[in-house]
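Q: Have a look at this fold, sequence not included:
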């Protein structure tokens, strides 16, 4: 049994290393300009936020976006959101105390729910 244990560990490491270098079929592409855009790519800036937090959603499929704001222990906070242009939003964080918060972006119609941590200074 003691002989099999090191062999088993080495085999797991070897086959785990091989599988981490393998490509699945959707990662393969031809040599042309065939880049796929990430759907609903969300960027938050500036980090850390002082008075406002900008939220930019690229390549969005969301139509009915809502924002939820929580402090780090999970208590819901008041959130004021302004649409600046297209899929760029401005979240007012001026009234928040310094610390870490979670901003949840939800669209029930598109079945999207993403949460982001940010720091308020």
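A: It's in. Note that the coordinates shown come from a computational prediction; the quantities given were computed from them, not determined experimentally.
Q: what pLDDT, on average, does stretch 114-121 get?
A: Mean pLDDT, stretch 114-121: 96.
Q: contact partners of it?
A: Residues outside stretch 114-121 that contact it (C-beta atoms under 8 Å, 6 or more residues apart in numbering) are 40, 42, 44, 47-50, 53, 93, 96-105. Just so you know, the C-beta spots here come from the backbone N, C-alpha and C atoms, and that holds for glycine as well.
Q: hmm, which of these are the buried ones?
A: For these, a burial check counting by 16 or more other C-beta atoms under 10 Å picks out 40, 42, 44, 49, 53, 93, 96, 101, 102, 103, 105.
Q: so what's the second one bridging to?
A: According to DSSP bridges, the residues that bridge with residue 42 are residue 57.
Q: what pLDDT does it get?
A: What the model reports for residue 42 is a pLDDT of 93.
Q: In contact with it, which residues?
A: Contacts of residue 42 by C-beta under 8 Å, 6+ apart are 55, 56, 57, 58, 105, 114, 116.
Q: Please tell me the pLDDT value assigned to the fifth one.
A: Think residue 105. pLDDT, residue 105: 94.
Q: residues in contact with it?
A: 42, 55, 57, 65, 66, 67, 112, 113, 114, 115, 116.
Q: switch to 6 Å and redo it
A: residue 114 (C-beta atoms under 6 Å, 6 or more residues apart in numbering).
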